[in-house]
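**Student:** Could you look at this predicted model? Sequence included:
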Amino acid sequence: MKLPKAADRLWRKYFGRIEIDDPRPIAEEAPYTFYLPSENELLAIAPGDLVKVIIRSVPPSAEWGAERMWVMIIGVDGETLSGELNNIPSDIPQLPVGSPLEFRRSDVIDIDWSEGRTTPPPPSPIHRDYWERCFVDHCVLSGESPVDYLYREEPDMAQPGDKYPDSGWRIRGDYRGLTDAEINARRMEYVALGLVLNADDSWLHLIDEPIGARFIRDFKTGGFVPESP
């Protein structure tokens with residue numbers, strides 16, 4: 001039986017526990033949208049630094065699968081970090097701010113270096129962001145189909161003040177054997193380029209092609225060739 005929200009929070013407050021997620025599988029599945037600190041950065045974490053980890057309520061919250069929260073580091077013992085929760089969870093009542101936490105360096109997903117460090121932090125690795133938007137067939141995002149055809153047109157979805165504008169890329173899945181009606185009936189989504197790359201990055205080398213570029217997959221070779229005019 002599902003408890004009312006207030007009763008659920010009360011039960012978890014007194015009897016619940018928490019788990020800290022290992023972020024590495026997430027980074028492996030989403031390499032173009034989820035970036036982890038480098039090994040050098042993880043090794044440099046010291047008392048006074050703030051680090052972010054993914055914390056999950058057990059039993060689970062009805063609102064959030066997990067929450068990303070900051071922890072003030074107070075102790076370092078090899079691969080083990082200890083600290084105190086530095087912000088208020090949205091729905092983990094068993095974890096008040098200031099709670100002691102212990103976790104692995106590899107659990108850290110972000111670092112805010114202390115200004116009082118005796119040694120400067122190592123430089124962060126440079127990576128390219130892929131947050132510009134595009135239209136893509138849902139079947140590509142779901143993994144049901146690889147990218148088959150893509151073209152870049154004048155962006156027409158951007159709105160004033162958009163943080164991540166329309167890139168102009170329009171990306172279609174495999175349509176061999178389908179009628180025009182079946183192709184046009186496919187659901188399309190307006191998402192970040194990185195989400196498409198997470199599903200299929202075989203076209204990454206084309207991402208900076210100019211407006212007007214059109215490519216189709218050669219299924220014999222697996223590569224892309226310019227579409228004939």
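**Tutor:** Received the coordinates, thanks.

**Student:** so where's the protein uncertain?
**Tutor:** 1-3, 229 (pLDDT under 70).

**Student:** Would you map the strands across it?
**Tutor:** Assigned strands in the chain, in chain order: 17-20, 50-58, 67-77, 80-85, 100-104, 110-112, 133-137, 147-152, 166-173, 188-192, 214-217, 224-226 (criterion: DSSP state E).

**Student:** ok, and what's touching stretch 77-92?
**Tutor:** With CB atoms under 8 Å, 6 or more residues apart in numbering as the test, stretch 77-92 has contacts from 9, 12, 16, 18, 45, 50-51, 55, 57, 61-64, 67, 69-76, 95-106, 108. All C-beta spots, glycine's among them, are computed from the backbone N, C-alpha and C.

**Student:** of the residues you listed, buried ones?
**Tutor:** Neighbour counting with 16 or more other CB atoms under 10 Å marks 9, 12, 16, 18, 45, 50-51, 55, 57, 61, 67, 69-73, 76, 95, 101, 103, 105, 108 as buried within these.

**Student:** Residue 78 - how many residues pack around it?
**Tutor:** 7 (other CB atoms under 10 Å).

**Student:** Look up how far residue 43 lies from it.
**Tutor:** 10 Å (CB to CB, to the nearest Å).

**Student:** how about the helix ranked longest in the chain: buried residues?
**Tutor:** Longest helix of the chain, by residue count under DSSP state H: helix 5-15. For helix 5-15, burial by neighbour count (16+ other CB under 10 Å) applies to 8-9, 12.

**Student:** Can you tell me which of these comes closest to residue 138?
**Tutor:** Using CB to CB, residue 8 is the member of the buried residues of helix 5-15 that sits closest to residue 138, with 33.5 Å.

**Student:** In this structure that closest one contacts residue 62, no?
**Tutor:** Yes - the criterion here is CB atoms under 8 Å, and residue 8 meets it with residue 62 at 6.8 Å.

**Student:** State the distance from residue 65 to residue 163.
**Tutor:** Here residue 65 is placed at a distance of 24 Å from residue 163 (CB to CB).

**Student:** for residue 149, same thing?
**Tutor:** Counting by CB to CB, the gap from residue 149 to residue 163 is 28 Å.

**Student:** what's the answer for residue 81, then?
**Tutor:** Taken as CB to CB, the span from residue 81 to residue 163 is 32 Å.

**Student:** same deal with residue 200?
**Tutor:** Taken as CB to CB, the span from residue 200 to residue 163 is 25 Å.

**Student:** And for residue 10?
**Tutor:** Distance from residue 10 to residue 163, by CB to CB: 39 Å.

**Student:** For burial, what's the neighbour tally of the spatially closest residue to residue 153 that is not a sequence neighbour?
**Tutor:** Leaving aside its sequence neighbours, residue 153 sits nearest to residue 168 (CB to CB, 6 or more residues apart in numbering; 5.2 Å). When neighbours are counted by other CB under 10 Å, residue 168 registers 21.

**Student:** again, but for residue 209
**Tutor:** Residue 209: 17 neighbours (other CB under 10 Å).

**Student:** Kindly report the domain assignment for the chain.
**Tutor:** Listed by automatic domain parsing, the domain ranges of the chain are 5-112, 133-226.

**Student:** Out of those domains, flag the one nearest residue 125.
**Tutor:** domain 5-112 (5.0 Å).

**Student:** chain center to that closest one: distance?
**Tutor:** On the basis of CA atoms, centre = their mean, to the nearest Å, domain 5-112 sits 16 Å off its chain's mean C-alpha point.

**Student:** More neighbours: which of residue 81 and residue 163?
**Tutor:** residue 81 (26 against 5).
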